[in-house]
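1. Attaching a predicted model along with its sequence, questions to come.
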Amino acid sequence: MIGSKKILFVCVENAGRSQMAEAFFRKYAPRGYEPASAGTKPTPEINPIAVEAMREVGIDLGKQKPKVLTNEIITDSILSVNMGCMDKTECPAVFMKNSLDWNIEDPKGKSIDKVREIRDDIELKVRDLCKTLE
């Protein structure tokens with residue numbers, strides 16, 4: 001979207017939390033805003049449990065790919081949302097300007113029930129963020 005304001009969602013692997021946030025933001029964003037997500041050490045693929053949990057709410061992450069956090073992505077964003085840092089050495093917050101930290105638990109290695117809770121928390125936070133942008 002040309003001329004849109006980009007909101008960046010980041011975590012270390014860009015395989016779960018930030019991908020879910022990007023998808024929810026795409027669904028709820030006010031006109032003129034566009035999501036992006038990235039990670040400092042992206043994995044080869046999206047967490048399959050996160051894909052399953054999102055499919056349950058009608059969002060398909062199956063074609064998404066983890067992306068590396070670059071200076072260009074950071075510079076192009078008006079706001080960066082750090083999903084939470086469990087790995088302090090690779091924490092994206094170190095690189096970001098104008099950022100929020102949501103401190104959301106990493107779904108990696110969690111049960112589908114726990115990933116559903118994380119998904120629902122992310123959806124609420126994204127909806128709240130969208131209200132502040134309207």
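-> Looks like it came in fine. Residues are numbered from 1 along each chain as shown.

2. Give me the three-state assignment for the closest residue to residue 99 other than its chain neighbours.
-> Spatial nearest neighbour of residue 99, chain neighbours left out: residue 80 (4.2 Å); criterion: C-beta to C-beta, 6 or more residues apart in numbering. Every C-beta, even on glycine, is put in place using the N, C-alpha and C of the backbone. Look at residue 80: counting by DSSP: H, G, I helix; E, B strand; the rest coil, its state is strand.

3. Could you list the buried residues of the one helix or strand in the chain whose mean pLDDT sits lowest?
-> Every helix and strand of the chain was ranked by mean pLDDT, DSSP states H and E. The lowest is strand 99-101, at a mean of 83. Along strand 99-101, these residues count as buried under the neighbour rule (16 or more other C-beta atoms under 10 Å): 99, 100.

4. sorry, back to before: was I right about the residue nearest to residue 99 contacting residue 8?
-> Yes. Taking contacts as C-beta atoms under 8 Å, residue 80 lies within contact range of residue 8: 4.5 Å.

5. Specify which residue of these two has the higher count of neighbours.
-> Higher neighbour count among residue 80 and residue 8: residue 8, with 27 against 24, using other C-beta atoms under 10 Å.

6. Who are the contact partners of that one?
-> By C-beta atoms under 8 Å, 6 or more residues apart in numbering, the residues touching residue 8 are 35, 36, 37, 38, 73, 74, 77, 79, 80, 81, 96.
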